[in-house]
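Peer 1: Need a 3D model of the following:
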Amino acid sequence: MSRLLFVTAQLPYPPHQGGALRTLGLIKGLAERGHRVTLLSLIEEGQPDWQSTPLADLCDRVVTVPAPSRTSVERLRDLLTGRVDMERRLWTPALLEALHTLLDDQPFGGIHFEGIEVAAYLNQIHDHVRENFPGTLLIYDAFNAEYDLQRRISRQDLQIIRRLPVALYSVIQARRLERFERQVCRLSDHVIAVSEADGRLLASLEPGTPVTVVPNAIDAASYETGGEEIAAIEHPALVFTGKMDYRPNVDAALWFADSVLPLIQEAVPGAHFTVVGQKPHPRLDRLRGRTDITLTGWVPSVRPYVRAADVFVIPMRMGSGTRLKLLEAMAMRRAIVSTRLGAEGVAGEGVDFLLLADDSQAFAAVVIELLNDSEGRRSLGEKAAAYVKQHYDWPVIIPRIESLYR
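Peer 2: I've put the predicted structure just below:
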């Protein structure tokens, strides 16, 4: 079995957002199969002491470094000097020093860099590793094809005049990210993508580096029984979850609230939209005065809210990858309506475990249909749970990662 080092942008516990859920699932799955895992992580203020988390049992060793903060002046300087924002966002010499110390202490069969925000450290240690540890695999786990994600965001923002400055920023960052991601892929021994679409995009950047698709996954069994109380929310309940300062999630919530929910309420007057997720962006403040919408902010667990949903909605119009919110809702047997982008990497045309719609009229129509069909909701939920267990359960996915080490 392999000795592995994971480098992460944040402590992967509690698993309240996509990156943490993915990294914790990988570490847990690999540790349970006998691999010895060391974790090097930036840690944000307010995150728990790792010794009080499952990481203490899963990892041989955990080293944490305080996450840096960047001022607006520093970000402006990076913008004007041609640097990539995501490359510099979490840069700190302390993490690079800790990484060198770990490498000098013991050899690793593989080093996983989890996401674009720690990819800069891969660039920094590449030559040192190749020179001193030629048998060590440098693995970049790409949560998204970030350059393409920025392009998608810019296209959406360009349609709104007041969003033009933000759209221009995304255009600039997309170009810089393409150069940066190409360099990261070139210096990696292997790239991991979370979807076939992202895999093709990353492979096109550097055809000489192998790319393996390892989708996001969940511990399906942990969602089967529930155990927690169902959240007390208004019904008929339409629920959306996500980190609510993330631009694609903000856009999704606003589009649904403004363009889809009113159409649903014409047929189902009491329909209520609940947005569950931490750090709601100020752009969402205008929704707070509406009696038909609830913004929860941070909650200890999103599961009670997902279980309470009559219909779980994923109205995403930008973004990429395999969305963990989708897999979680599937495992909890929810009836799901998503845009095709929101279900990208999991569901295409002809699937029978969720409903797809891209424009406001079509999205509203299928939600209304489900709200009026309790048996249809139950049937969709059962099919979704069976599908996620067969294709997106960690025990099914972990062998794909292990094949890289061989």
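Peer 1: hang on, isn't Thr241 packed against Leu295?
Peer 2: No - if you go by Cβ atoms under 8 Å, Thr241 and Leu295 don't touch, sitting 11.8 Å apart. (Glycine included, C-beta is placed from N, CA and C.)
Peer 1: if I look at the two, which residues touch both of them?
Peer 2: Val275 (Cβ atoms under 8 Å, 6 or more residues apart in numbering).
Peer 1: Pick out whichever of the two has more residues nearby.
Peer 2: Using other Cβ atoms under 10 Å as the criterion, Thr241 and Leu295 rank with Thr241 on top: 27 against 17.
Peer 1: Over to Val351. Which of the three states is it?
Peer 2: Here Val351 is recorded as coil under DSSP: H, G, I helix; E, B strand; the rest coil.
Peer 1: Please give the number of neighbouring residues around it.
Peer 2: 14.
Peer 1: where does Arg75 fall, phi/psi-wise?
Peer 2: phi -70, psi -40 (degrees, to the nearest 10).
Peer 1: Same question for Val211.
Peer 2: phi -120, psi 130.
Peer 1: same question, the one 4 residues further on
Peer 2: Dihedral angles phi and psi of Pro215 (degrees, to the nearest 10) take the values phi -70, psi 160.
Peer 1: before we move on, what about Val63?
Peer 2: phi -120, psi 130.
Peer 1: who does it bridge with?
Peer 2: Leu40 (DSSP bridges).
Peer 1: correct me, but it touches Ile43?
Peer 2: No - Val63 lies out of contact with Ile43 (Cβ under 8 Å); the separation is 9.9 Å.
Peer 1: Could you check the pLDDT of Thr347?
Peer 2: To be clear, residue 347 is Ala; Thr isn't right here. In the predicted model, Ala347 carries a pLDDT score of 67.
Peer 1: Not counting sequence-adjacent ones, nearest residue to Thr64?
Peer 2: Ile43 (4.3 Å; Cβ to Cβ, 6 or more residues apart in numbering).
Peer 1: Contacts only, for that neighbour.
Peer 2: By Cβ under 8 Å, 6+ apart, the neighbours of Ile43 are 10-11, 50, 64-67.
Peer 1: would JSON lines of those residues with pLDDT, neighbour count and secondary structure be doable?
Peer 2: Below are the contacts of Ile43 laid out as JSON lines (pLDDT from 0 to 100; neighbours: other Cβ atoms under 10 Å; DSSP: H, G, I helix; E, B strand; the rest coil):
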{"residue": "Gln10", "pLDDT": "92", "neighbour count": "20", "secondary structure": "coil"}
{"residue": "Leu11", "pLDDT": "94", "neighbour count": "23", "secondary structure": "coil"}
{"residue": "Trp50", "pLDDT": "92", "neighbour count": "19", "secondary structure": "helix"}
{"residue": "Thr64", "pLDDT": "96", "neighbour count": "17", "secondary structure": "strand"}
{"residue": "Val65", "pLDDT": "96", "neighbour count": "18", "secondary structure": "strand"}
{"residue": "Pro66", "pLDDT": "95", "neighbour count": "12", "secondary structure": "strand"}
{"residue": "Ala67", "pLDDT": "93", "neighbour count": "20", "secondary structure": "coil"}
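Peer 1: So which residues make contact with the longest helix along the chain?
Peer 2: Counting residues, the longest helix found in the chain (DSSP state H) is helix 164-187. Applying Cβ under 8 Å, 6+ apart, the external contacts of helix 164-187 come out as 79, 82-87, 116, 119, 122-123, 126, 138, 140, 142, 145-148, 150-151, 153-154, 157-158, 191, 202, 205-206, 208-209.
Peer 1: residue boundaries of the strands in this protein?
Peer 2: 3-8, 36-43, 61-66, 110-114, 137-142, 190-193, 211-213, 237-241, 272-276, 293-295, 311-314, 336-338, 355-356 (DSSP state E).
Peer 1: Okay, angle between the third one and strand 36-43 too, please.
Peer 2: With axes from the mean of the first three to the mean of the last three Cα atoms, to 10 degrees as the basis, strand 61-66 and strand 36-43 are set at 10 degrees to each other.
Peer 1: for strand 61-66, packing partners?
Peer 2: Judged by 3 or more Cβ pairs under 8 Å, 6 or more residues apart in numbering; DSSP states H and E, the packing partners of strand 61-66 are strand 36-43, helix 93-105.
Peer 1: quick one: contacts of it?
Peer 2: Counting by Cβ under 8 Å, 6+ apart, residues outside strand 61-66 touching it are 11, 38-43, 45, 50-51, 55-56, 92, 94-95, 98, 102.
Peer 1: do that again at 6 Å, thanks
Peer 2: 38-43, 50, 55, 94-95, 98 (Cβ atoms under 6 Å, 6 or more residues apart in numbering).
Peer 1: likewise the last one?
Peer 2: Counting by Cβ under 6 Å, 6+ apart, strand 355-356 makes contact with 337, 340, 366, all of which sit outside it.
Peer 1: Name the strands paired with that strand and say parallel or antiparallel.
Peer 2: Strand 355-356 is paired, per DSSP bridges, with strand 336-338 (parallel).
Peer 1: Could you do the fifth one as well?
Peer 2: Sheet pairing for strand 137-142, assigned by DSSP bridges, gives strand 110-114 (parallel), strand 190-193 (parallel).
Peer 1: In a markdown table: those strands, plus distance to Ala217.
Peer 2: Shown next, in a markdown table, are these (distance: least, Cβ to Cβ, whole Å):
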| stretch | distance to Ala217 |
| --- | --- |
| strand 110-114 | 15 |
| strand 190-193 | 12 |
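Peer 1: want to throw the ones you listed into JSON lines with mean neighbour count, distance to Tyr223 and mean pLDDT?
Peer 2: Shown next, in JSON lines, are the strands paired with strand 137-142 (neighbours: other Cβ atoms under 10 Å; distance: least, Cβ to Cβ, whole Å; pLDDT from 0 to 100):
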{"stretch": "strand 110-114", "mean neighbour count": "26", "distance to Tyr223": "23", "mean pLDDT": "97"}
{"stretch": "strand 190-193", "mean neighbour count": "24", "distance to Tyr223": "24", "mean pLDDT": "96"}
